[in-house]
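1. I need the structure of the sequence given here:
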Amino acid sequence: MDINFNKNEDYNKLLVSDLIKRYTKVKLGGGKKRIEKHHEKGKMTARERIDYLLDKGSKCIEIGAFAGEDMYVEHGGCPSAGVVVKIGYVKGKQCIVVANDATVKAGAWFPITAKKNLRAQEIAIENRLPIIYLVDSAGVYLPMQDEIFPDKEHFGRIFRNNAVMSSMGITQISAIMGSCVAGGAYLPVMSDEAIIVDKTGSIFLAGSYLVKAAIGESIDNETLGGATTHCEISGVTDYKAKDDADALDTIKNIIDKIGDFDKAGFNRIKRLKPKENPKEIYGILPKSRADQYDMMEIIKRLVDGSEFEEYKAGFGKTLITGYARIDGWAVGIVANQRKVVKTKKGEMQFGGVIYSDSAVKATRFIANCNQKKIPLVFLQDVTGFMVGSKSEHGGIIKDGAKMVSAVSNSVVPKFTIIIGNSYGAGNYAMCGKAYDPRLIVAWPSAELAVMGGNTAAKVLLQIEKASLEKKGEKFTKEIEEALHKKITSRYDTQMSPYYAAARLWTDAIIDPIDTRTWISMGIEAANHAPIEKPFNLGVIQV
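-> Prediction:
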């Protein structure tokens, strides 16, 4: 191994180390003191509940662990959006679990909490996955009610989705393990079955204080909406549990008896480990996002047996397309080639840039995968589409539109891994969040933005210079340096994978070594949902 490999390896391992430290902090939710108070009430934390529910020793993946990171600072923060979401196995059946974290503002809903809950439901709907809600929430965070209550993608959409999922036959089970108040009370009642924990669980549209204020009635919360009331008088809940563990055991027993599901039928054979060492990814991936490297070396360390059948290898070389297997599943891979390549005409093409020939190749390959019912995996390290007169005259917009149309209309499940750059329209063509990937994750090396910080600074500096000169003012070196520093600083912050993860532009930031697990579990989830419509590219320019 050369010195650059060692430098890259050290740098990328430090990024992963930082990821682990951040995740360790996030897992504490509202902090150790609040966890202790939670335990004093005889309750498990959200993460403890999920750990108890999921099959021991089985794999699981967490959605949105960094949601809310460095947001709502003036309100005390909202670690992990105050809700924990994991895809895992209960009695051998793949499920998605949503658990309110009552150590974070008593489980109150911030705007990002609603977004994360809706993402969990979206995953359940797309993949027809059973969904389990572990409810322990004080309801909407009132100081921010205007940002969570009335709009289409706000709090009320949760209950609309409950109804839609029920009509689709998607299993929904709720356990009321703490507070469940106001509009939030509809979630467990709109589930197929609801469990409530005696003495610690309660559910009502209005608590005792509000009842007193509204109608003058004096009543305690337990009598108003506790387990005995709803299991023996109102009939709102179906099972009374003596404690958290009992409630979770009841869920396990219910899930254990669910019948098998109709499968999409994606191809899978016995899995093989990559022949090339996946840990070498740390040394291959360069420290600088501007440096070149061979994406094929990354692919060899992600796919079974390091075997890859490349499609149109000699054409459109800045995109790699081809077939492989990941954990036994057949996949079609579309990846940005990050090294400079030479065309048959002897022209040099920049790595990470999508040219017309690359876009045309990808469009055809995506259509082929849809024809063969093969899930698609996008490996992003893209700076955008090629610009300049030659590209414009050659129809780059038209060819790029073909690729975007193919990605948009694809009916097979898509999975996106942001390895490095994810800039501009390249993000879109390579199946960014707006193009409905079943899962989208970033490596710690990822950067998401309209363009790189240095490029953005150059563009904005030109605009500022023209503006000042138009006014008859001088654009001094001091002004240029100060503005450049301000712009690049802002872009560096906003391009961070943690900035993106905080806003749920991605589902997770992951160690590159975990990529195979995420793709495999994602395809397994997608296999629950048979494809119901044919692939149709729509109208495109020829």
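2. and stretch 11-18, which residues are buried?
-> 11-12, 15-16 (16 or more other C-beta atoms under 10 Å). C-beta: built from backbone N, CA, C; applies to glycine.
3. which of those are the two that sit furthest away from each other?
-> Taking C-beta to C-beta as the measure, the buried residues of stretch 11-18 reach their widest spread between 11 and 16, a distance of 10.1 Å.
4. gap between the residue sitting furthest away from the middle of the chain and residue 387?
-> Taking C-alpha atoms, centre = their mean, the residue of the chain most remote from its mean C-alpha position is residue 472, at 49.0 Å. In this structure, residue 472 and residue 387 are 32 Å apart, going by C-beta to C-beta, to the nearest Å.
5. also residue 454?
-> To residue 387, residue 454 is 16 Å away according to C-beta to C-beta.
6. one more: residue 122?
-> As for residue 122, its distance to residue 387 is 34 Å (criterion: C-beta to C-beta).
7. neighbour count winner among the two?
-> residue 122 (13 against 10; other C-beta atoms under 10 Å).
8. what kind of secondary structure is the more buried one in?
-> Judged by DSSP: H, G, I helix; E, B strand; the rest coil, the three-state class of residue 122 is helix.
9. what's the answer for the one 4 residues further on, then?
-> For residue 126, the secondary-structure state derived from three-state DSSP is helix.
10. buried set for stretch 411-430?
-> The neighbour-count criterion (16+ other C-beta under 10 Å) identifies 412-430 as the buried residues of stretch 411-430.
11. oops, could you answer that again for stretch 472-492 instead?
-> Within stretch 472-492, the residues that qualify as buried are 475, 483-484, 487, 491, counting by 16+ other C-beta under 10 Å.
12. contacts for it?
-> By C-beta atoms under 8 Å, 6 or more residues apart in numbering, the residues outside stretch 472-492 that reach it are 449, 452-454, 456-457, 460-461, 464-465, 468-469.
13. same list (those residues) but as CSV, adding neighbour count and pLDDT.
-> Putting those into CSV (neighbours: other C-beta atoms under 10 Å; pLDDT from 0 to 100) gives the following:
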residue, neighbour count, pLDDT
449, 20, 89
452, 21, 76
453, 19, 76
454, 14, 76
456, 19, 78
457, 21, 78
460, 15, 82
461, 17, 84
464, 16, 81
465, 16, 82
468, 14, 81
469, 11, 82
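14. quick one: which of those is nearest residue 372?
-> Using C-beta to C-beta as the measure, the one of the contacts of stretch 472-492 that approaches residue 372 most closely is residue 449, at 34.5 Å.
15. number of residues surrounding the nearest residue to the closest one once chain neighbours are set aside?
-> Of all residues not flanking residue 449 in the chain, residue 495 sits nearest, at 4.5 Å (C-beta to C-beta, 6 or more residues apart in numbering). Using other C-beta under 10 Å, residue 495 has 22 neighbouring residues.
16. before we move on, what about residue 34?
-> Residue 34: 18 surrounding residues under other C-beta under 10 Å.
17. leaving out sequence neighbours, find the closest residue to it.
-> For residue 34, ignoring the flanking residues on the chain, the nearest one in space by C-beta to C-beta, 6+ apart is residue 103 at 4.0 Å.
18. doesn't residue 45 make contact with residue 27?
-> No. Residue 27 is beyond contact range of residue 45, at 9.3 Å (criterion: C-beta atoms under 8 Å).
19. those two - which one has more neighbours?
-> In this view residue 27 and residue 45 are compared by other C-beta under 10 Å, and residue 45 has more residues nearby, 23 against 16.
20. read off the pLDDT value for the more buried one.
-> At residue 45, the model reports a pLDDT of 97.
21. just the contacts of stretch 472-492: which are in helices?
-> 453-454, 456-457, 460-461, 464-465, 468-469 (DSSP state H).
22. now these in JSON lines, with distance to residue 313?
-> Shown next, in JSON lines, are the ones in helices among the contacts of stretch 472-492 (distance: C-beta to C-beta, whole Å):
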{"residue": "453", "distance to residue 313": "34"}
{"residue": "454", "distance to residue 313": "33"}
{"residue": "456", "distance to residue 313": "35"}
{"residue": "457", "distance to residue 313": "37"}
{"residue": "460", "distance to residue 313": "40"}
{"residue": "461", "distance to residue 313": "41"}
{"residue": "464", "distance to residue 313": "45"}
{"residue": "465", "distance to residue 313": "45"}
{"residue": "468", "distance to residue 313": "51"}
{"residue": "469", "distance to residue 313": "50"}
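23. so which strand or helix has residue 441?
-> Secondary-structure assignment from DSSP states H and E places residue 441 in strand 439-442.
24. who touches that strand?
-> The contact list for strand 439-442 (C-beta under 8 Å, 6+ apart) reads 123, 415-418, 422, 431-433, 448, 497, 500-501, 505-510, 515, 518-519, 522.
25. and the buried ones among those residues, selectable in ChimeraX?
-> To isolate the buried members of those in ChimeraX, using 16+ other C-beta under 10 Å:
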select :123,415,416,417,418,422,431,432,433,448,497,500,501,505,506,507,508,509,510,515,518,519,522
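26. for the stretch 1-150 of the chain, just list every one of the strands.
-> For the stretch 1-150 of the chain, strands defined by DSSP state E, counting those that start in this stretch occupy the ranges 61-63, 83-90, 93-100, 131-137.
27. export only the CA atoms of the third one, formatted as CSV.
-> Read that as strand 93-100. Listed next in CSV are the C-alpha coordinates belonging to strand 93-100 (Å, rounded to 0.1, in the frame of the first residue of the first chain):
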residue,chain,number,x,y,z
LYS,A,93,-40.6,-11.1,10.8
GLN,A,94,-39.2,-7.9,9.5
CYS,A,95,-41.0,-4.9,11.0
ILE,A,96,-40.5,-1.2,11.5
VAL,A,97,-40.7,0.1,15.1
VAL,A,98,-41.4,3.7,16.1
ALA,A,99,-40.8,4.6,19.8
ASN,A,100,-41.3,8.0,21.4
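28. what is the mean pLDDT for stretch 140-157?
-> The predicted model gives stretch 140-157 an average pLDDT of 89.
29. so residue 420, which state does it fall into?
-> Going by three-state DSSP: residue 420 is strand.
30. once you drop chain neighbours, what's closest to it?
-> Using C-beta to C-beta, 6+ apart, the nearest residue to residue 420 is residue 381, at 3.6 Å.
31. doesn't that neighbour belong to a helix?
-> No. If the criterion is three-state DSSP, then residue 381 is strand and not within a helix.
32. residue numbering should commence at 33 henceforth.
-> In the new numbering, first residue 33, that becomes residue 413.
33. number of nearby residues for it?
-> The tally of other residues near residue 413 (other C-beta under 10 Å) stands at 28.
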